[in-house]
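Peer 1: sharing a model prediction with you, sequence too.
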Amino acid sequence: MLDPVLCLASASPRRRDLLASIGVRVEVRPVDIDETPRFEETPHDYVVRLAREKALAGARLSALPVLGSDTAVVCDGAILGKPAGREQAAAMLRGLSGRGHEVLTGVAVSGTAGLLAACVTTRVFLRPISDAELAAYWATGEPADKAGGYAIQGLAAVFVEHIEGSHSAVVGLPLFETADLLARQGVPIWNAAFPIGAMS
């Protein structure tokens, strides 16, 4: 069994799977921080701050480099969190229906190079969604714990007309920027299952 090379300060299975997809073995150490937006804090500053705070909190739990990340769905400048119930989820999706919105993902990696961070903004465009579809989607259980009330990698993919930017960032981790941060911290990729050159 190969040892982990990175600590993931998140319980998100999506982030774990995204890191595995680029061959990064992780130990998972979820952290608990206050995720309340600060007064007049921009969505960009919000996701970067949370990513940095998660990475720093994880660094107190692990000797490995630590990755923290946070994703926010933003519509008309407002951050849409996880819906409190069916009505709020429906209201969120009605607000996103038939138009574009932004998904911001901040990622931070603490390590020998200090604390490095990046933020990626992706525009997501949803087709019009009927009330019957909203009710049926809520009944699947998927939107209950998703920011903005939907999961692009799940059943809500049928609502997505197109995106402008990083698909993986909307899922939870911008892989291009993440790989760059990991390289700057000396964290290897492409080595979870196959050593470099093993498939040549």
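Peer 2: Sure thing, it's come through. Residues are numbered from 1 along each chain as shown.
Peer 1: ok, which stretches of the chain are helices?
Peer 2: 13-21, 43-59, 86-96, 131-139, 167-171, 175-184 (DSSP state H).
Peer 1: which among those helices is found nearest to residue 117?
Peer 2: Among the helices of the chain, the nearest to residue 117 by CB to CB is helix 43-59 (5.5 Å). Where you see a C-beta, it was placed from the backbone N, CA and C, and this is true even at glycine.
Peer 1: check which helices and strands the closest one sits against.
Peer 2: On a contact count with 3 or more CB pairs under 8 Å, 6 or more residues apart in numbering; DSSP states H and E, helix 43-59 meets strand 6-8, strand 66-75, strand 100-111, strand 114-126.
Peer 1: for residue 84, which of those strands is the nearest?
Peer 2: strand 66-75 (14.9 Å).
Peer 1: now that closest one: how far from the chain's centre is it?
Peer 2: Centroid displacement of strand 66-75 relative to its chain, using CA atoms, centre = their mean, to the nearest Å, is 5 Å.
Peer 1: what packs against that strand?
Peer 2: Where contact means 3+ CB pairs under 8 Å, 6+ apart, strand 66-75 is packed against strand 6-8, helix 13-21, helix 43-59, strand 78-80, helix 86-96, strand 100-111, helix 175-184.
Peer 1: for residue 11, what are its contacts?
Peer 2: Residues in contact with residue 11, defined by CB atoms under 8 Å, 6 or more residues apart in numbering, are 28, 30.
Peer 1: that one and residue 172: what is the separation?
Peer 2: Remark: distance between residue 11 and residue 172 (CB to CB, to the nearest Å) = 11 Å.
Peer 1: could the helices and strands packed on helix 43-59 go into JSON lines alongside mean neighbour count?
Peer 2: Output for the helices and strands packed on helix 43-59, formatted as JSON lines (neighbours: other CB atoms under 10 Å):
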{"stretch": "strand 6-8", "mean neighbour count": "25"}
{"stretch": "strand 66-75", "mean neighbour count": "24"}
{"stretch": "strand 100-111", "mean neighbour count": "24"}
{"stretch": "strand 114-126", "mean neighbour count": "18"}
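Peer 1: quick check: bridge partners of the closest residue to residue 180 other than its chain neighbours?
Peer 2: Using CB to CB, 6 or more residues apart in numbering and skipping the chain neighbours, the partner closest in space to residue 180 is residue 118 (7.5 Å). With DSSP bridges as the criterion, residue 118 is bridged to residue 107.
Peer 1: mind checking how far the residue nearest in space to the middle of the chain is from residue 14?
Peer 2: What sits nearest the mean C-alpha location of the chain, by CA atoms, centre = their mean, is residue 172, with 2.0 Å. Counting by CB to CB, the separation of residue 172 from residue 14 is 4 Å.
Peer 1: of the helices of the chain, which approaches residue 30 most closely?
Peer 2: Per CB to CB, nearest to residue 30 of the helices of the chain: helix 43-59, 8.6 Å.
Peer 1: got the angle for the closest one vs strand 100-111?
Peer 2: Calculated by axes from the mean of the first three to the mean of the last three CA atoms, to 10 degrees, helix 43-59 forms an angle of 30 degrees with strand 100-111.
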